[in-house]
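1. Here is my input, please return the structure:
(one chain, ligands or ions: 1)
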Amino acid sequence: MSATSLPLVFDAPRRGKPPRHLADMSAEERRAAVVELGEKPFRARQLSHHYFARLNADVAEMTDLPASSRDMLGEKLLPRLLTSVRHLDTDNGTTRKTLWRAHDGTLLESVLMRYPDRATVCISSQAGCGMACPFCATGQGGLQRNLSTAEIVDQVRSAAAMMRDGEIPGGAGRLSNVVFMGMGEPLANYRRVVDAVHRICDPAPEGLGLSQRSVTVSTVGLVPAIRRMTSEGLQVTLAVSLHTPDDELRDTLVPVNNRWKVAEVLEAARGYADQTGRRVSIEYALIRDINDHPWRADLLGKLLHRHLGRFAHVNLIPLNPTPGSKWDASPKPVEREFVRRVQEAGVPCTVRDTRGQEIAAACGQLAAEE
Ligand code: SAH
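-> This is a model prediction of the structure:
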């Protein structure tokens, strides 16, 4: 049977392109889109003000728009992209994972973490992930699809609204940081992620007005994409998921290492650091008896010192065990010794706190199972 004659009897969600949304567009494109819909160009700024400055995505509340065109503008430029399926809270309510359903049934997750001095949202750039790292829950299910720019941005807008509305204990506050460390490999969805960075960081009402320096893009090490990002003139923090300094083990922990080796990844990261003057965050999930050996700490320190010099910062992540995995986090004394050795090589090294573990919201646990 040919594809065209297949009857539409499936209830299963069809993976499809999300509808066009204001947050997919630059300010200029928004004006053009509004005019194309037969409206005055200034309506683009009005809509942008609602969405990016007031964090409101519901046209019904945009009473300064004429009733006659409000619904049409909403349908054409502010279609609902993400519906919250549920929230899970932990850490006394200061960590909140949200499960979202996209227009085509695709599921994705984001996590908002409030600290005394900042609030960070960890967002997804893809539904699923194609990088297949064996210790990561998202990697086990494969890639479903890329998220659109607006689907990425809307996770940030929602988090900013939750903070402003005092939905997280601690009173009304402000979202300060964004990390692309949820589901997906951001640099495998390059253009949409870079566009999303602009929407997140451009001053309101063009964008949400966060500082680029408070945005972190984390990658497995797609070397050509790191180089491309180096030429964008951005100031975001680059994080590289290294997980081991030797190619032999990294070939299995981060399969894309079979294509781009440790030294190439670190050289590309160095290029980014030189261009931006920003330290690169080296992510290292510490796994008991797998990559936590003293000699690996020494080699890591040596390599980072050689390739990145003062631009390296190591972020150790105690492994968050994922369902079905035989791997576990390293014992604390092993972790402490690892930190000590890296620091001894002159490279700053800190251990990330592991929030959200019990709601499967910690690093590498996002899997959007329903
Ligand atoms: N694909 C990107 C971003 C998503 S993951 C990347 O790999 O960088 C964000 C971080 O969580 C990465 O450093 C990833 O390696 C790490 N991670 C994945 N699974 C983990 C787990 N089970 N425990 C601890 N960290 C994990």
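2. So which bits of this structure are right by the ligand?
-> 131, 133, 135-136, 181, 185, 218-220, 241, 283, 285, 317, 319-320, 322, 363-364 (Cβ under 6 Å from any ligand atom). Every residue, glycine included, has its C-beta placed from N, CA and C.
3. does G142 really touch G130, like I thought?
-> Yes: contact criterion Cβ atoms under 8 Å: G142 and G130 qualify, at 6.4 Å.
4. all strands of this structure, in order?
-> Secondary structure of the chain (DSSP state E): strands located at 82-90, 95-102, 107-114, 119-122, 126-128, 143-146, 177-180, 215-219, 237-241, 280-286, 312-318, 349-351.
5. coming back round to it: so between G142 and G130, which is more surrounded?
-> Higher neighbour count among G142 and G130: G130, with 15 against 11, using other Cβ atoms under 10 Å.
6. What residues does the more buried one make contact with?
-> The contact partners of G130, taken as Cβ atoms under 8 Å, 6 or more residues apart in numbering, are G142, L143, E185, A188.
7. Quick one, which of those residues are buried?
-> L143, E185, A188 (16 or more other Cβ atoms under 10 Å).
8. ok, the first one touching G128?
-> Yes: applying Cβ under 8 Å as the test, L143 and G128 come out as touching, 4.6 Å apart.
9. any common contacting residues for these two?
-> Both L143 and G128 are in contact with G184, where contact means Cβ under 8 Å, 6+ apart.
10. confidence score at I359?
-> Listed pLDDT for I359 reads 84.
11. what's the weakest-modelled helix or strand in the chain?
-> Ranked by mean pLDDT, DSSP states H and E, the weakest helix or strand in the chain is helix 137-140, scoring a mean of 92.
12. which residues touch it?
-> 128-129, 131-133, 183-184, 322-324, 360, 364-367.
13. And these, which two are furthest apart?
-> With distances taken as Cβ to Cβ, the most widely separated pair in the contacts of helix 137-140 is G184 and G324, at 20.6 Å.
14. and the closest residue to the ligand within the chain, how many neighbours?
-> Proximity of the chain to the ligand (Cβ to the nearest ligand atom) peaks at G364, 1.7 Å away. Using other Cβ under 10 Å, G364 has 22 other residues around it.
15. got a list of what it touches?
-> Applying Cβ under 8 Å, 6+ apart, we find G364 in contact with C133, F135, C136, A137, T138, G139, A285, I317, L319, N320, T322.
16. Now tabulate those in TSV and tack on neighbour count.
-> Formatted as TSV, those follow (neighbours: other Cβ atoms under 10 Å):
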residue	neighbour count
C133	22
F135	21
C136	25
A137	24
T138	28
G139	24
A285	27
I317	21
L319	25
N320	22
T322	20
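17. with those residues in mind, which one is nearest to A102?
-> T138 (15.8 Å).
18. Listing request: residues of the stretch 1-150 of the chain with sub-threshold pLDDT.
-> Residue ranges of the stretch 1-150 of the chain with pLDDT under 70: 1-14.
19. just so I have it, where are all the helices in it?
-> 27-36, 42-48, 67-77, 137-140, 149-164 (DSSP state H, counting those that start in this stretch).
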